[in-house]
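Undergrad: mind looking at a prediction? Sequence and model below.
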Amino acid sequence: MTATVTATEAPPGEQPNLGGRRRWGDKSFRLIALLSGLSVLAILALIAISTTKEAWPIFSHDAAEFFFSSTWAPNQGKFGSLAFVYGTLVTSVIALVFAVPLSIGIALFITEVAPRWLKRPIVSVLDLLAVVPSVVFGLWGILVLAEPIGNFYDNVASALSPIPILGQLFDQPASGRSFFTAGLILAIMIIPIITSLTREVFDTTPTAEKEAAYGLGATRWEMIRASVFSHSKGGVVGAVTLGLGRAMGETIAAALVIGSNPQITANLFAPGYSMPAVIANEFGESSGDWRAALIGLGVVLFILTIIVNLTARAIVSRSIRRTRGE
Amino acid sequence: MTTTLSAPPQLPPADLTPKRSGRSVRNLLATVLMGLAFVIVLIPLGFVLVTVVQKGWDAVTTAGWFTDDIPPVRRSGPGMGPAIVGTILTTGLATLMAVPLGILGAVYLHEYGKTGRLASILRFFADVMTGVPSIIMGLFIFTIWVVRFGVDGVNAFAGALALGCLMLPIVIRSTEEMLKLVPNDLREASLALGSSQSRTILGIVLPAALPGIVSGVLLAVARAAGETAPLLFTIGAATSINWNPFSGPNTALSVQIFSNAQQPFAGAQERAWGAALTLIAMTFILLVLSRIVAARFNPMKGR
């Protein structure tokens, strides 16, 4: 700290000329850095303003229909967003159901079980998974996975049809492209991020707490439940929420495998549609109100993901503060 | 004394065997499930990679794949030159825009703002921005750029703007992590020698953190190169090579995969697999480079 004071104050006394120039350079560099940092706020604000402005025609003249109707018929001028919101939520929840247990399992495997030499290769594989472009998963989903998984759905649906609730959730498929397929692909895509975040959280468990559990004679699994889980509950919830945000916004893979049919149905094997997917698929051919409605869907998606992210960050920072306070 | 000491060690083995029934079985089961989780995730990853290599290999190894124009969807045969050029242009320009801005932003957060109120807010919103879906970035650039400039606005530069918005928060956060690793002694030594703070940052802190920053940037570039959604409405469509990013529509590997995947024609699908293999190869090279650079990065040593 003293170093900073002498560095900025000594030169003006000795060499006023150089010091003045230098101070000016110092200040302008600081200003440039500040402006670069502020660009984040500027971009976020611009996103909100410019997209809302373009979507305004649809918000202003038929907001009720846009938000509360599930009929999407561009050729009849009907733009209801509900089926897309439903599809986005359903596929994201399916993705979480598969991704969360797997991610927590992998994170525990890396932090608590795997020997040191095995940790780096596992992390590298997850990095690899994280950089495989989503469009490649989509391509694989539509051209390779869709057909066999459609047959699989057929078998599952006929097996489950007599059972009351399951029979309705897993009813006859139209093809391999459905809510469920989209959810599965999304799960693969959000596993790396949930794993890396939960791993960080698990890593913060104090060694003393782990050793205390072992000292009481706990097995590794008992230690994990007693020390690691109780210590990192908040962080894991935050990580899962961030994964939810990712799944909701994931566009291209969903656009290829979801089946492109805006409907609200309990049947998870039925084709559906999600907000980002319909924007990707229909934007190019749209115009006028249709285009405004698609941008409106973008605004809704933007707001939903911002809410999910804010919640996640709040949960994470609260849990960090609590563990620090203890 | 000796008898009492040697007696207890013989007890545990006798004690452990009956225990193995309940608790340790559950422990074993949990351990196996954890390992299994990793194997389950390996399966689709391996399946996807093997399929892409298998189906894309023939297309990629045909002469002219990297240079020829893209033929009409019904026709089979090679040619992804325009898309490769487009991917290089959009990702390259996005990197040129997002990286300096992101590094300077991180410098503000870690060197000037620190734990102050403004820096905390900026850090928070950079985190929030990483969660904004990539398609929103595409819509955003469409509404501020393409709507304003019309057909003239549809080019590789518009796509680069959208990708840049996507990269910016990633670069900021990864760079800040790297700045955190630079020991304070270096800053103090430089300031004590009379350098200004900007001199210290540009001459000491950033060079010390450079390998780490480069590694993070390469990872961000790899992510951006694979993105499709930000490009869909911003770069248009092209079937011949366009090296000019500021004029005329363009295309990219990801966009080609997306459109060809939906075609029923064998030739188009074959090109989709070829483009997927090319794109994956590009992103993996960036990932490996990032790993190599990161492995050499140790700010405590060397300097």
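TA: Received it, and whenever you're ready, just let me know what you need.
Undergrad: how about the stretch 51-200 of chain B: which residue is closest to chain A?
TA: residue B:133 (2.5 Å; C-beta to the nearest C-beta). Yep, even glycine has a C-beta here, placed from its N, CA and C like the rest.
Undergrad: now do the helix or strand residue A:101 falls within: which elements does it pack against?
TA: Counting by DSSP states H and E, the element that carries residue A:101 is helix A:82-108. Contact here means 3 or more C-beta pairs under 8 Å, 6 or more residues apart in numbering or on different chains; DSSP states H and E; on that basis helix A:82-108 packs against helix A:179-203, helix A:230-249, helix A:275-282, helix A:288-325, helix B:23-61.
Undergrad: so for it, mean pLDDT?
TA: Averaged over helix A:82-108, pLDDT sits at 96.
Undergrad: got the contact list for the closest residue to residue B:79 other than its chain neighbours?
TA: Residue nearest to residue B:79 in three dimensions, not counting chain neighbours: residue B:68, with 3.4 Å by C-beta to C-beta, 6 or more residues apart in numbering or on different chains. Counting by C-beta atoms under 8 Å, 6 or more residues apart in numbering or on different chains, residue B:68 touches B:78-81.
Undergrad: residue B:68 should be in a helix, yeah?
TA: No. Under DSSP: H, G, I helix; E, B strand; the rest coil, residue B:68 sits outside any helix and is assigned coil.
Undergrad: before we move on, the earlier item: can you report how many residues lie near the residue of the stretch 51-200 of chain B closest to chain A?
TA: 25 (other C-beta atoms under 10 Å in any protein chain shown).
Undergrad: quick one: the residue nearest to it when sequence neighbours are not counted from residue A:184, how far?
TA: The shortest distance from residue B:133 to any non-neighbouring residue, by C-beta to C-beta, 6+ apart, is to residue A:249 (2.5 Å). Counting by C-beta to C-beta, to the nearest Å, the gap from residue A:249 to residue A:184 is 17 Å.
Undergrad: before we move on, what about residue B:131?
TA: 22 Å.
Undergrad: and residue B:47, by the same measure?
TA: To residue A:184, residue B:47 is 12 Å away according to C-beta to C-beta.
Undergrad: also residue A:322?
TA: 35 Å.
Undergrad: higher neighbour count, the two?
TA: Comparing residue A:322 with residue A:184 by other C-beta under 10 Å, the one with more neighbours is residue A:184, at 22 against 11.
Undergrad: next, count neighbours for residue 157.
TA: As the question left the chain open, I've gone with chain A. Neighbour tally, residue A:157, other C-beta under 10 Å: 18.
Undergrad: that answer is for a different chain, and I need it for chain B
TA: Neighbours around residue B:157, by other C-beta under 10 Å: 23.
Undergrad: repeat for residue B:219
TA: Residue B:219: 24 neighbours (other C-beta under 10 Å).
Undergrad: and the one 4 residues further on, by the same measure?
TA: The criterion is other C-beta under 10 Å. On that basis, residue B:223 has 21 neighbouring residues.
Undergrad: contacts only, for the residue nearest to residue B:35 when sequence neighbours are not counted.
TA: Nearest non-adjacent residue to residue B:35, counting by C-beta to C-beta, 6+ apart: residue A:109, 5.7 Å away. The contact partners of residue A:109, by C-beta under 8 Å, 6+ apart, come to A:122, B:34-35, B:37-38.
Undergrad: one more: residue B:82?
TA: Per C-beta under 8 Å, 6+ apart, neighbours of residue B:82: B:69-70, B:238-242, B:250-251.
Undergrad: still on that earlier bit, wait, the residue nearest to residue B:133 touches residue A:279, no?
TA: No. Here residue A:249 does not reach residue A:279: they are 10.7 Å apart, not a contact under C-beta atoms under 8 Å.
Undergrad: how is chain A divided into domains?
TA: Chain A resolves into domains spanning A:2-60, A:69-325 when parsed by automatic domain parsing.
Undergrad: now do the first one, average pLDDT.
TA: It stands for domain A:2-60. 77.
Undergrad: need the contact list for residue 111.
TA: Using chain A. Contacts of residue A:111 by C-beta under 8 Å, 6+ apart are A:199, A:202-203, A:228.
Undergrad: ah, no, chain B please
TA: With C-beta under 8 Å, 6+ apart, residue B:111 has these contacts: A:33, B:179, B:197, B:201, B:205.
Undergrad: how does it look with 7 Å?
TA: B:179, B:201, B:205 (C-beta atoms under 7 Å, 6 or more residues apart in numbering or on different chains).
Undergrad: what's the separation between residue B:48 and chain A?
TA: Using C-beta to the nearest C-beta, to the nearest Å, one gets 5 Å for the distance from residue B:48 to chain A.
Undergrad: any idea how many residues pack against that residue?
TA: 23.
Undergrad: just give the nearest non-adjacent residue to residue A:137, would you?
TA: residue A:253 (4.7 Å).
Undergrad: tell me the SS of the one you found?
TA: Recorded secondary structure, residue A:253: helix (three-state DSSP).
Undergrad: contacting residues for it?
TA: Contacts of residue A:253 by C-beta under 7 Å, 6+ apart are A:134, A:137-138, A:141, A:185-186, A:189.
Undergrad: what's the answer for residue B:180, then?
TA: Applying C-beta under 7 Å, 6+ apart, the residues near residue B:180 are residue B:110.
Undergrad: with residue B:270 instead?
TA: B:59, B:76.
Undergrad: sec struct for it, please.
TA: helix.
Undergrad: from chain A, how far out is it?
TA: With C-beta to the nearest C-beta as the criterion, residue B:270 and chain A are 11 Å apart.
Undergrad: try residue B:274
TA: In this view, residue B:274 and chain A are 11 Å apart by C-beta to the nearest C-beta.
Undergrad: can you check the pLDDT for that residue?
TA: Residue B:274 is given a pLDDT of 95.
Undergrad: what stretches of the stretch 151-300 of chain B score poorly on pLDDT?
TA: Within the stretch 151-300 of chain B, the segments meeting pLDDT under 70 span B:297-300.
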